[in-house]
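In: Would you be able to build a 3D model of this:
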Amino acid sequence: MSIEFLRSHAKRLSEFAKETELKAKANPDDFFLQIAAKNQRDAAASVRSECALSTAERNGALVDLRLIGPRADGSVSLETFVKAMHPFVNACKLAAYKIRNGQEAASRVSREISSTLNIKLAGLAPGSTHILMTGNASPDLTGESLFNETIKQLFELLNSDNASFYDSIDTVGGKAAHHISELMKSLDSAGLAAELSWNGPGGRRVWAGRPDEIVRVRALIEAVQEPTTFDEKIEGTVAGIRDTGRLHVRTDDGMISIRYPLKLTKEVQLLRISSPAVLNVKTTRYWDAASKQHVSKRRLISVVP
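Out: Next up, the predicted model:
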């Protein structure tokens, strides 16, 4: 059903419910009229909720976590629900902070980040095995949506392979990745598989969390060793600026890819292709045990005038 139909249907049901409620108040002893009033109120509320969820999904603001397995037999325990929700929401907040500011949160994530994301429990779909969450997908003054970018990058992490894994880790940060690992641990302990889906601006994204996939993601994250970080000054020619948060610079040593945080978007947009640039960057060097070599990732700190 279209959102327009749901909105119109909800309006009509609300009008009917108000009329019946007035009649019910005028006839308090009419039991069946009281029941009819309640049923109509519930029906109108149900359609309004469905309309809100459909609108959120259309706007890229709805995330659906579906729990699958022998224990997801129509409902989930409160403990399982909390263990799934808590690490995912924490991962979102910590990843959002890293994406916006380019560095890990020192302690608790600021209220401003939480308010911008505005992640809420939208409801439990039939059977209580679908956890529906909504967030604020509206763009900020830079034209970017922190919620959209955060959810996109978490899907990149979940679906990453060995080649792209460290890029994802560097983007969302080790703290956010730790909470994703905790989510994997909770699902594994509960004997559950999961499917996470999101209809974002770039199309529908899905993470198929089969038991072997849960083990794979958890193993990748837990294998990450403490990286080393140091400051660098990169001098070269701007070769490319991507709306995915990447800046490519051609140097004497070859092409270098630098990720820039959302807060530096305006500064980066002032750069011109083929023009010289001097950039202060923070380089993080990881040890990849699988390939037995170091992997370096660079993050923009500032553009030197």
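In: Neighbouring strands - and their directions - for the helix or strand Arg66 falls within?
Out: Take DSSP states H and E as the rule and Arg66 turns out to sit in strand 62-68. For strand 62-68, the paired strands and their directions (DSSP bridges) read strand 130-134 (antiparallel), strand 193-200 (antiparallel).
In: Mean neighbour count for the ones you listed - can I get that in JSON lines?
Out: To be clear about C-beta, it is placed using only N, CA and C from the backbone, and glycine gets the same treatment. Rendered in JSON lines, the data for the strands paired with strand 62-68 read as follows (neighbours: other Cβ atoms under 10 Å):
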{"stretch": "strand 130-134", "mean neighbour count": "20"}
{"stretch": "strand 193-200", "mean neighbour count": "20"}
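In: pLDDT of the strand holding Arg66, averaged?
Out: Here strand 62-68 scores 88 as its mean pLDDT.
In: i'd like the first residue to be 7 from this point on
Out: That works, and once the first residue is 7, the last one we named lands at strand 68-74.
In: Just the residues contacting that strand, thanks.
Out: Applying Cβ atoms under 8 Å, 6 or more residues apart in numbering, the external contacts of strand 68-74 come out as 59, 62, 82, 86, 90, 94, 128, 131, 135-141, 157, 193, 198-205.
In: now could you export just the CA positions of that strand as PDB?
Out: Coordinates of each C-alpha in strand 68-74 appear next as PDB, following Å, rounded to 0.1, in the frame of the first residue of the first chain:
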ATOM      1  CA  LEU A  68      14.300   2.500   9.100                       C
ATOM      2  CA  VAL A  69      16.600  -0.300  10.100                       C
ATOM      3  CA  ASP A  70      15.200  -3.800  10.500                       C
ATOM      4  CA  LEU A  71      17.000  -6.500  12.600                       C
ATOM      5  CA  ARG A  72      15.400  -9.900  12.200                       C
ATOM      6  CA  LEU A  73      16.300 -12.700  14.600                       C
ATOM      7  CA  ILE A  74      16.300 -16.200  13.100                       C
END
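In: could you say what helices and strands the next helix or strand along the chain from it packs with?
Out: Reading on from strand 68-74 to the C-terminus, the next helix or strand found by DSSP H and E is helix 84-107. Using 3 or more Cβ pairs under 8 Å, 6 or more residues apart in numbering; DSSP states H and E, the elements in contact with helix 84-107 are strand 68-74, helix 117-123, strand 136-140, helix 152-164, helix 171-178, helix 180-195.
In: Alpha carbons of the last one, in PDB - could you do that?
Out: Output for helix 180-195, consisting of C-alpha atoms alone and laid out as PDB, is shown next (Å, rounded to 0.1, in the frame of the first residue of the first chain):
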ATOM      1  CA  GLY A 180      37.800   0.300  17.000                       C
ATOM      2  CA  LYS A 181      35.300   1.200  19.700                       C
ATOM      3  CA  ALA A 182      32.300   0.900  17.400                       C
ATOM      4  CA  ALA A 183      33.700  -2.400  16.000                       C
ATOM      5  CA  HIS A 184      34.100  -3.700  19.500                       C
ATOM      6  CA  HIS A 185      30.300  -3.300  20.100                       C
ATOM      7  CA  ILE A 186      29.600  -5.000  16.800                       C
ATOM      8  CA  SER A 187      31.700  -7.900  18.100                       C
ATOM      9  CA  GLU A 188      29.600  -7.900  21.200                       C
ATOM     10  CA  LEU A 189      26.500  -8.100  19.100                       C
ATOM     11  CA  MET A 190      28.000 -11.100  17.300                       C
ATOM     12  CA  LYS A 191      28.800 -12.700  20.700                       C
ATOM     13  CA  SER A 192      25.200 -12.200  21.900                       C
ATOM     14  CA  LEU A 193      23.700 -13.700  18.800                       C
ATOM     15  CA  ASP A 194      26.100 -16.700  18.900                       C
ATOM     16  CA  SER A 195      25.400 -17.300  22.600                       C
END
